[in-house]
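Novice: Here is my input, please return the structure:
(chains A and B)
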Number of protein chains: 2
Amino acid sequence: MFESAELGHSVAGPAYEAEEPALRAALLDAQYDLLELGQFAVIVLINGIDGAGKGETVNLLNEWMDPRHIETCAFDAPTADESEYPAMWRFWRSLPPHGKIGVLFNNWYHQPIVERVERTSRRAELERRLDEIRRFEAMLVRENVLLVKFWFHLSKAAQKRRFRTLEKDPGTRWRVTRRDWRDHALYDRYRDVAAQALRSTSSGDAPWLIVDGSDANFRALFVGRALLEALRGRLQAARRKWVPRRTAAPLPPAVDTVNLIDSLRRQDMGREEYDELLGRHQGRLALLTRQPAFRRRSLVLVFEGMDAAGKGGAIRRISAALDARQYRIVPIAAPTEEERAQPYLWRFWRHAPRRGKVVMFDRSWYGRVLVERVEGYCSEADWMRAYAEINDFEDDLVGAGAVVVKFWLAVGKDEQLARFKAREAEPHKRFKMTADDWRNRERWDDYVRAVCDMVDRTSTADAPWTLVEADDKQYARIKILRTICERLEAALR
Amino acid sequence: MFESAELGHSVAGPAYEAEEPALRAALLDAQYDLLELGQFAVIVLINGIDGAGKGETVNLLNEWMDPRHIETCAFDAPTADESEYPAMWRFWRSLPPHGKIGVLFNNWYHQPIVERVERTSRRAELERRLDEIRRFEAMLVRENVLLVKFWFHLSKAAQKRRFRTLEKDPGTRWRVTRRDWRDHALYDRYRDVAAQALRSTSSGDAPWLIVDGSDANFRALFVGRALLEALRGRLQAARRKWVPRRTAAPLPPAVDTVNLIDSLRRQDMGREEYDELLGRHQGRLALLTRQPAFRRRSLVLVFEGMDAAGKGGAIRRISAALDARQYRIVPIAAPTEEERAQPYLWRFWRHAPRRGKVVMFDRSWYGRVLVERVEGYCSEADWMRAYAEINDFEDDLVGAGAVVVKFWLAVGKDEQLARFKAREAEPHKRFKMTADDWRNRERWDDYVRAVCDMVDRTSTADAPWTLVEADDKQYARIKILRTICERLEAALR
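Specialist: Presented below is the predicted three-dimensional model:
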């Protein structure tokens, strides 16, 4: 892995000075093209051995290009507040928007490697996290992020020399800490763990670039050229951009008409039974979310369903049982400007719950495989990969202690029509109907197909779908409340 | 203050049930009108005595209205991460956008009152914080926020009865903690401090409403009616809305032509002196920001100046001296959609630095009293009050340890013309000129007037303006670097 980087590359002063001005002008040019195009973001990962010039390189990039459009973030161990969220949350918060360059220093690779070096995590844990990173980076690349990964290397002897040199100068002495020397003692272990991490996360789309950190001139030109080449390649590709089809073709016909949704049978519940069960399950939920054990967990509820399926009514029956300080309802509408400049899942990650909290999503990230698929708002490749990305997202939530409960409220086509008509007759403006509601109804069968695929592909052991027979609102609400209580009880046991 | 709230108001069950359905329907209606209008936000403050029904009321509001458009936030003592930012930062983060209702539970009043009750702060400190709150709320009101403040009261005897009742029922026993009983012992002190706080923060625009918390029915109707009335009044007023004038009249002529900006004389610096001083001051700045003492402080740099005054170049000479992990450059352009749905200063607050960090603003909150004033993008009342609001904002930053350094880069009209022409001749796209650049130039004298007013009104002892003679870029950069070093040295001494 590091053989070539230990050969002692170097560039003499005159050669460096001959090349540098043109390189920085070209980089600045490419940066402005990126900004002007505004269609993708660039993430530069800076990792590697201490003393190999990581910090100097970050400063150099900011000096060469326009620092106003570079967002530099450095990460250390998670802070107390950050630990209350899923592990990847803090990285999602630091993603640069389209048109900008994010320089992420000691990013998602840092903790997994350090913890393995210091033996506070096991080999299997490292592998799990590398696998998570692999899938995260694949998602970024497919979300059109240009990912450039630099690993700064230095041989053990060179690191020692470097620390000694820094210590001699009073102006740089502060930069070598006791911790650096302790890390130096662990050099061999660090190199081996790093090599494993790098090998297993170097992909065709986002390969690792190993930088020989021993000579400042070589290092600078190497990084500058590599970044320039990557930027230019992507800019060229971006100009031939994909245009989403706006009017979608109907999905190809299914082989038969047997499907999950149509196989549901209407279920009813009388007023008296409903009133009794509503009170009982609301009380049960109230107690569960107030248990001390819940403070280390969280609850993520996802509500999907055709228009007028009763999502809002169900949500209100749940929130009534909770302490208002504890929950948040996130109604998902069209993404805002800031959200559109980020990978698809960014706008959901920003609402990820901290421990002890409840988040209810009224529609959700499943929009990608439902409305966006059916209406052709994204390409088939986009919604097809979304299944796996969504599973990864929910895995992250579950890994941080979240109980993820997902409901499809299945209302029949006739029942929907009856509700639409009742709404139109209702003088109350809050039940206003839109043209969209009627239009979506025309694509009913396509939606049913999309729902079935969604359930098949994203109902996992940790985050299963619950299909709710929703023609009778009372039955539906009780089934939803009961399901949440059961899932919570199992989790808090 | 609390006399009327101790009379023992109550509403019998049948009377409550007769009124409640119409009240909640009307509230829901008003909430949808608010959402549809999308022009202002509502903040409901929930404070008061424990046991007086604060939590129940918050839940009730969420039950009565559509909880998807209510954002409930509860505050406790600041977390470790929150303490790294200015005190008001966490409240700014929780402001609801236009169209939404934010219910803020134990908000900015909570800590100042509790700390005074527990004698961990002095009387003068309480008064300072109440004063800060008064100005903050006045700003919210003028930024079109509807602020409704509820204080839930209960007599000492009633509080005791309430705790006893809760303790008897196994379903509610968990709600009474040891801390509640400790607070009960401090009841008299709490009431007195609260009365002082309420008296001094009850304004014509945002009066306190004292709620007798002893009877649930009375409490609910009181809060519901008060909120409905406030909402309806504001909705009515909002429909007669102010339209900003798009083409601004020139400012009235000044009495004479003597002014701060024109009195600056060109200053030059030769290449050799520049090179030497640049290195020296960059080194000085590098060491200052790496001092351990800086970890408890932060640095906020503001750069304003006419187009082509050299802001970007100056910023790059500063960032070159810093560790890229430590600073962030915020170029201020047109506000995003999310930013437009918030009070004016929100988009600057979101970039407030945490301790140990440097933020450089390339243009800033002063846009309100410069371009927005001159171009007529806001009303005179808006930019006139902005001076005081900006001073408050910078006070908050300084109070949290920030060193605030503000530069006006004064370039002459001829020098600007020369730079514009050089840019147009430059084949390099990054110096592209826009029609705006030429248009702003036509309003030169109005901008000079606005700058002079700005300096007069916002140059404070803690955050003074530095006027920089910027016709010679080298001189300007050195003056800026030296000023920052001097201010930092004084602060870290």
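Novice: What residues sit buried inside the helix or strand bottoming out on mean pLDDT in chain A?
Specialist: One helix or strand of chain A scores below all others by mean pLDDT, DSSP states H and E: helix A:435-442, with a mean of 86. Buried positions in helix A:435-442, judged by neighbour count with 16 or more other CB atoms under 10 Å in any protein chain shown: A:437, A:440-441. Backbone N, C-alpha and C define where each C-beta goes, glycine included.
Novice: Same check on stretch A:408-421?
Specialist: A:408-412, A:415-416, A:419-420.
Novice: For stretch A:466-475, C-alpha coordinates in PDB please.
Specialist: The C-alpha trace of stretch A:466-475 is given here as PDB (Å, rounded to 0.1, in the frame of the first residue of the first chain):
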ATOM      1  CA  THR A 466     -46.500  -2.700   9.100                       C
ATOM      2  CA  LEU A 467     -49.400  -2.700   6.600                       C
ATOM      3  CA  VAL A 468     -52.400  -1.100   8.200                       C
ATOM      4  CA  GLU A 469     -56.000  -1.800   6.900                       C
ATOM      5  CA  ALA A 470     -57.100   1.900   7.000                       C
ATOM      6  CA  ASP A 471     -60.600   1.900   5.500                       C
ATOM      7  CA  ASP A 472     -61.900   2.100   9.100                       C
ATOM      8  CA  LYS A 473     -60.000   4.900  10.800                       C
ATOM      9  CA  GLN A 474     -60.700   3.600  14.300                       C
ATOM     10  CA  TYR A 475     -59.300   0.200  13.500                       C
END
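Novice: do stretch A:175-184 and chain B meet at all?
Specialist: No. Against chain B, stretch A:175-184 shows no contacts by CB under 8 Å from any CB of the partner chain, the least distance being 8.6 Å.
Novice: Buried residues of that stretch, list them for me.
Specialist: A:175-176, A:180, A:183-184.
Novice: roughly how far is stretch A:83-96 from the heart of the chain?
Specialist: With CA atoms, centre = their mean, to the nearest Å as the basis, stretch A:83-96 stands 8 Å off its chain's centre.
Novice: swap in stretch A:304-317?
Specialist: Per CA atoms, centre = their mean, the displacement of stretch A:304-317 from the mean C-alpha position of its chain is 26 Å.
Novice: Over to stretch A:478-487?
Specialist: Worked out by CA atoms, centre = their mean, stretch A:478-487 lies 28 Å from the chain centre.
Novice: Identify each buried residue in that stretch, please.
Specialist: So for stretch A:478-487, counting by 16+ other CB under 10 Å, buried means A:478-485, A:487.
Novice: Just the closest of those to B:Arg325, please.
Specialist: A:Arg487 (41.8 Å; CB to CB).
Novice: Break down chain A into its strands, ranges please.
Specialist: Applying DSSP state E to chain A gives strands spanning A:42-48, A:70-74, A:101-105, A:146-153, A:208-212, A:298-305, A:327-331, A:358-362, A:402-410, A:465-469.
Novice: Distance to A:Ala237 and mean pLDDT for the ones you listed - can I get that in CSV?
Specialist: Converted to CSV, the strands of chain A look like this (distance: least, CB to CB, whole Å; pLDDT from 0 to 100):
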stretch, distance to A:Ala237, mean pLDDT
strand A:42-48, 13, 96
strand A:70-74, 22, 92
strand A:101-105, 17, 96
strand A:146-153, 10, 95
strand A:208-212, 19, 91
strand A:298-305, 35, 97
strand A:327-331, 34, 93
strand A:358-362, 34, 97
strand A:402-410, 36, 97
strand A:465-469, 37, 96
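Novice: Just put the ones you listed in TSV and tack on distance to chain B.
Specialist: Shown next, in TSV, are the strands of chain A (distance: least, CB to the nearest CB, whole Å):
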stretch	distance to chain B
strand A:42-48	9
strand A:70-74	3
strand A:101-105	6
strand A:146-153	14
strand A:208-212	16
strand A:298-305	11
strand A:327-331	4
strand A:358-362	6
strand A:402-410	15
strand A:465-469	19
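Novice: so which of those gets nearest B:Ala230?
Specialist: Comparison of the strands of chain A against B:Ala230 by CB to CB identifies strand A:327-331 as nearest, at 22.9 Å.
Novice: Name the residues that touch the closest one?
Specialist: Applying CB atoms under 8 Å, 6 or more residues apart in numbering or on different chains, the contact partners of strand A:327-331 are A:315, A:319, A:351, A:353, A:357-363, B:67-72.
Novice: let's see it at 7 Å
Specialist: Outside of strand A:327-331, the residues within contact range by CB atoms under 7 Å, 6 or more residues apart in numbering or on different chains are A:315, A:319, A:351, A:357-362, B:67-68.
Novice: Now a PyMOL select for only the buried ones of these.
Specialist: To isolate the buried subset of the contacts of strand A:327-331 in PyMOL, counting by 16+ other CB under 10 Å, use the following:
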select buried, (chain A and resi 315+319+357+358+359+360+361+362) or (chain B and resi 67+68)
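Novice: so A:Arg290 touches B:Arg173, yeah?
Specialist: No. Shown here, A:Arg290 and B:Arg173 do not form a contact pair, counting by CB atoms under 7 Å, at 11.2 Å.
Novice: So these two - more neighbours on which side?
Specialist: Each of A:Arg290 and B:Arg173 has its neighbours counted (other CB atoms under 10 Å in any protein chain shown); A:Arg290 has more, 14 against 10.
Novice: Do you know the pLDDT at that one?
Specialist: A:Arg290 carries a pLDDT score of 90 in this model.
Novice: for it, what are its contacts?
Specialist: By CB under 7 Å, 6+ apart, the neighbours of A:Arg290 are B:Trp174.
Novice: try A:His98
Specialist: Per CB under 7 Å, 6+ apart, neighbours of A:His98: A:38-41, A:341.
Novice: just those now: which is nearest chain B?
Specialist: Comparing the contacts of A:His98 against chain B with CB to the nearest CB picks out A:Ala341 as the nearest, at 9.1 Å.
Novice: Who are the contact partners of that closest one?
Specialist: A:97-98.
Novice: give me phi/psi at the residue of the stretch 201-350 of chain A found nearest chain B?
Specialist: Ranked by CB to the nearest CB, the top residue of the stretch 201-350 of chain A for proximity to chain B is A:Arg325, at 3.5 Å. With angles defined as degrees, to the nearest 10, A:Arg325 sits at phi -80, psi -10.
Novice: Same check on A:Gln326?
Specialist: phi -110, psi -20.
Novice: Per-residue pLDDT of it, please?
Specialist: The predicted local confidence for A:Gln326 is 91.
Novice: hmm, back to that, what is the nearest of the buried residues of stretch A:408-421 to A:Trp108?
Specialist: Proximity of these to A:Trp108 (CB to CB) peaks at A:Trp408, which lies at 32.8 Å.
Novice: Pretty sure the closest one sits against A:Pro464.
Specialist: No. A:Trp408 is beyond contact range of A:Pro464, at 11.2 Å (criterion: CB under 7 Å).
Novice: Can you pull out the low-pLDDT segments for chain A?
Specialist: A:241-250, A:252, A:427-432 (pLDDT under 70).
Novice: Which residues of it lie near chain B?
Specialist: A:28, A:32, A:55, A:58-59, A:62-63, A:67-68, A:72, A:74, A:79-81, A:103, A:105, A:174, A:290, A:312, A:316, A:319-320, A:323-325, A:329, A:331, A:336-338, A:362, A:429-430 (CB under 7 Å from any CB of the partner chain).
Novice: What subset of those residues is buried?
Specialist: By 16+ other CB under 10 Å, those give A:28, A:32, A:55, A:58-59, A:62, A:67-68, A:72, A:74, A:103, A:105, A:312, A:316, A:319-320, A:323-325, A:329, A:331, A:362 as buried.
Novice: just so I have it, where are all the helices in the stretch 301-450 of chain A?
Specialist: A:311-319, A:337-340, A:346-349, A:371-374, A:380-399, A:413-425, A:435-442, A:444-458 (DSSP state H, counting those that start in this stretch).
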